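> what shape does this take:
(chains A and B)
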There are 2 protein chains.
Amino acid sequence: MDCCVIPLRHGGLSLVQTTDFFYPLVEDPYMMGRIACANVLSDLYAMGITECDNMLMLLSVSQKMNDKDRERVMPLIIQGFRDAAEEGGTSVTGGQTVINPWIIVGGVASVVCQPNEFIMPDGAVPGDVLVLTKPLGTQVAVNAHQWLDQTERWNKIKLVVTKEEVKEAYQEAMFSMATLNRTGLMHKFQAHAATDVTGFGLLGHANNLAAQQRDEVAFVIHNLPIIAKMAAISKACGNLFNLIQGTSAETSGGLLVCLPREQAAKFCSEMKSQSSAAGGQGAAGGAWIIGIVEKGDRRARIIDKPRIIEVPARGSQTANQENNSASPSPNLS
Amino acid sequence: MDCCVIPLRHGGLSLVQTTDFFYPLVEDPYMMGRIACANVLSDLYAMGITECDNMLMLLSVSQKMNDKDRERVMPLIIQGFRDAAEEGGTSVTGGQTVINPWIIVGGVASVVCQPNEFIMPDGAVPGDVLVLTKPLGTQVAVNAHQWLDQTERWNKIKLVVTKEEVKEAYQEAMFSMATLNRTGLMHKFQAHAATDVTGFGLLGHANNLAAQQRDEVAFVIHNLPIIAKMAAISKACGNLFNLIQGTSAETSGGLLVCLPREQAAKFCSEMKSQSSAAGGQGAAGGAWIIGIVEKGDRRARIIDKPRIIEVPARGSQTANQENNSASPSPNLS
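You can find the predicted model right below:
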């Protein structure tokens, strides 16, 4: 499970908690703080929880930074983390900071709630539909962006992507990772189970989720919504990232939600309008039907030749022409 | 405050949480796990809380370790942490592990409790007595132990201490740090405020505590219980550690408790018998009256020439001859 759920001594309440910390992966320290916070909170949101009672921040300052850099960078990371926490309706009231060779940023999210506030991730049934709420490809985008300055690496991918496209994809990935998975829609549309997609990639987390189901089900993934051009980069690198295979790591990825068939399209549609209302957060705030739940042996798989949904970066030209967001795939009907 | 206290949406309950993580400082990985856990829980115990609903463990594996060392060391750290958590009546249900240049070990402790379960650390009044529940000097002991193999360092202290004494002090420090501050006596003896002594040293934490008091009080420290010979080492090093000055860092140090004058001796006495009942944990489980609360400007100070109480290591010859534990100092009357 994404969180631990601890029954308390008081009136049927449970303590739901999660922790996560990792190393910076974008250059902007403020956005890095937001991403770290979104990543921690995501585990609560994956259980249908929309509130958080408290956050702690875990931080390490790099011993290799000089005082000036430290004073410039660390407050921005903290501010980003705090701002994202505030957006999540919570606040950061404690934490711990140490000195370390590398910068670490992360946190702890805790909430005390009644049983009806969370959705145990074990209720998928055959016929359910799988929805993903953020596009894949954050790892590829972050790496490709670093390769802009590494000639040898860049030469491997320059035939399939322009520098401009890489920069757009990196921006898209950064905003996507910093977007909270706080939809509040899992209860409304009676989600049966969910998880968030992070280090093990879509397939890894889909497998974990399938393994926890009470019913004997299998998850079959037909569609892969991917930040535009990232599939091409992954292929050009000889599948270095295994993006199409579903195991490319994501950071602060979307929710993978099992929904009753009749609710999935409405869920996607409402996700899209939430996103528009929030100021056109574009692709990151979308939702894509990516597969179905069948009878099976509690595993997940991606079909041969899945449909790649190229998700244009917000602000890019194509983003204004088409938007795949919230379009249930015809492949599934 | 040592913890954050978050009022919850449910029936007057509060979420009390704390987190701490740091780097290994003893050679025994199992004991290191215990120390890390004791150090995290200590913040709850400092608020008079005796229960913990859940713990998360924070861990980083050093990238410099080979697989064999990793497989030998990390499970022992985890086991030590888990065992100490169990001793604290709680369990570890989650956490996060990363790869890092250095090993990190720490955790998060959370409890949901009613207002009468915790003691806000702001109720000290003039006339109260200050009690410390573990001897000082862990940092000095850990360092001196490392110097056994460093000739230049060792030469500086060899006139005041024997190798055997350093080894005994190191053992004492290790067991002391691994001892839970879970006394359960703060409520029984109506403690007015408390904190635990860690990185800022006794005086640093005493100052923090004094600053939080509702009444205009000052903490005056007369006695310093110190692991035997550590004061001499500190002096021999030209006060490198500032042990007598009260700012030598401690790890998983004791509780500094403000008690009503008439309760202090009974508190110390019961601490001592608890310790004996627990199998003669000796010095670490003791308690010493170290000072008094006066009217003042919410600061703490150590008097000129404080009395040094040499706390013998358990198992040492002197430990069987004398035990200063639980002896209220005559200096104070």
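> what's the distance between residue A:25 and chain B?
Going from residue A:25 to chain B by Cβ to the nearest Cβ, to the nearest Å gives 13 Å. For every residue, glycine as well, the C-beta is placed using N, CA and C.
> which non-adjacent residue is nearest that residue?
Leaving out its chain neighbours, the residue that sits closest to residue A:25 by Cβ to Cβ, 6 or more residues apart in numbering or on different chains is residue A:142, at 5.2 Å.
> shouldn't the one you found be within a helix?
Yes: under DSSP: H, G, I helix; E, B strand; the rest coil, residue A:142 falls within a helix.
> surely it is in contact with residue A:171?
No: counting by Cβ atoms under 8 Å, residue A:142 does not reach residue A:171; the two are 11.1 Å apart.
> who in the stretch 101-250 of chain A is up against chain B?
A:101-102, A:104, A:106, A:108, A:110, A:112, A:114 (Cβ under 8 Å from any Cβ of the partner chain).
> most neighbours, which of these?
Of all these, the most densely surrounded is residue A:108 (29 neighbours; neighbours counted as other Cβ atoms under 10 Å in any protein chain shown).
> helix or strand: which one has that residue?
Residue A:108 belongs to strand A:104-113 when assigned by DSSP states H and E.
> so in that sheet, which strands flank that strand, and in what orientation?
In the sheet, strand A:104-113 lines up against strand A:14-22 (antiparallel), strand A:54-62 (antiparallel) (DSSP bridges).
> residue A:218: what secondary structure?
In three-state terms, and counting by three-state DSSP, residue A:218 is strand.
> next, the residue of the stretch 151-300 of chain A found nearest chain B: secondary structure please.
Closest to chain B within the stretch 151-300 of chain A is residue A:199: 10.2 Å, counting by Cβ to the nearest Cβ. Under three-state DSSP, the three-state class of residue A:199 is coil.
> burial count for it?
14.
> quick check on the residue nearest to it when sequence neighbours are not counted: phi, psi?
Among residues not flanking residue A:199 along the chain, residue A:249 sits closest, at 4.9 Å (Cβ to Cβ, 6+ apart). Residue A:249 adopts backbone torsions of phi -60, psi 140, taken as degrees, to the nearest 10.
> residue A:249 reaches residue A:200, doesn't it?
Yes: with contacts counted by Cβ under 8 Å, residue A:249 reaches residue A:200, the gap being 7.2 Å.
> quick one: the strands paired with strand A:104-113 as a markdown table, columns for mean neighbour count and mean pLDDT too.
Converted to a markdown table, the strands paired with strand A:104-113 look like this (neighbours: other Cβ atoms under 10 Å in any protein chain shown; pLDDT from 0 to 100):
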| stretch | mean neighbour count | mean pLDDT |
| --- | --- | --- |
| strand A:14-22 | 24 | 92 |
| strand A:54-62 | 23 | 93 |
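> and the ones you listed as CSV, adding distance to residue A:226?
Below are the strands paired with strand A:104-113 laid out as CSV (distance: least, Cβ to Cβ, whole Å):
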stretch, distance to residue A:226
strand A:14-22, 22
strand A:54-62, 31
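> ok, now how distant is the residue of the stretch 101-250 of chain A found nearest chain B from residue B:143?
Nearest residue of the stretch 101-250 of chain A to chain B (Cβ to the nearest Cβ) works out as residue A:101 at 4.0 Å. Using Cβ to Cβ, to the nearest Å, residue A:101 is found at 21 Å from residue B:143.
> swap in residue A:304?
For residue A:304, the distance to residue B:143 - Cβ to Cβ - is 62 Å.
> between those two, point out the one with more neighbours.
A direct count of neighbours by other Cβ under 10 Å for residue A:304 and residue B:143 places residue B:143 higher, at 22 against 5.
> in chain A, which spans are strands?
A:4-7, A:14-22, A:54-62, A:92-100, A:104-113, A:129-132, A:193-196, A:217-227, A:255-259, A:288-295, A:300-311 (DSSP state E).
> residue B:160: which of those is closest?
strand A:92-100 (31.1 Å; Cβ to Cβ).
> centre of the chain to the closest one, how far?
Relative to its parent chain, strand A:92-100 has a centroid offset of 24 Å by Cα atoms, centre = their mean, to the nearest Å.
> now do stretch A:164-179
Chain-centre distance of stretch A:164-179: 13 Å, with Cα atoms, centre = their mean.
> quick one, what contacts the most centrally placed residue in chain A?
Residue closest to the mean C-alpha point of chain A, counted by Cα atoms, centre = their mean, is residue A:253 at 1.3 Å. By Cβ atoms under 8 Å, 6 or more residues apart in numbering or on different chains, residue A:253 lies in contact with A:42, A:134, A:136, A:138, A:177, A:196-198, A:202.
> look up the closest residue to it, ignoring the ones flanking it.
Using Cβ to Cβ, 6+ apart, the closest residue to residue A:253 is residue A:197 (3.4 Å).
> ramachandran angles for the one you found?
Phi and psi for residue A:197, reported as degrees, to the nearest 10, are phi -100, psi 110.
> hmm, residue A:40 is touching residue A:18, no?
Yes: using Cβ under 8 Å, residue A:40 is in contact with residue A:18, at 6.5 Å.
> which neighbours do those two share?
Counting by Cβ under 8 Å, 6+ apart, the common neighbours of residue A:40 and residue A:18 are A:108-109.
> straight-line length of stretch A:248-259, end to end?
The straight-line separation of the ends of stretch A:248-259 (Cα to Cα, to the nearest Å) is 24 Å.
> tell me the mean pLDDT over it?
Taken as a whole, stretch A:248-259 has a mean pLDDT of 97.
> repeat that for stretch A:216-230.
97.
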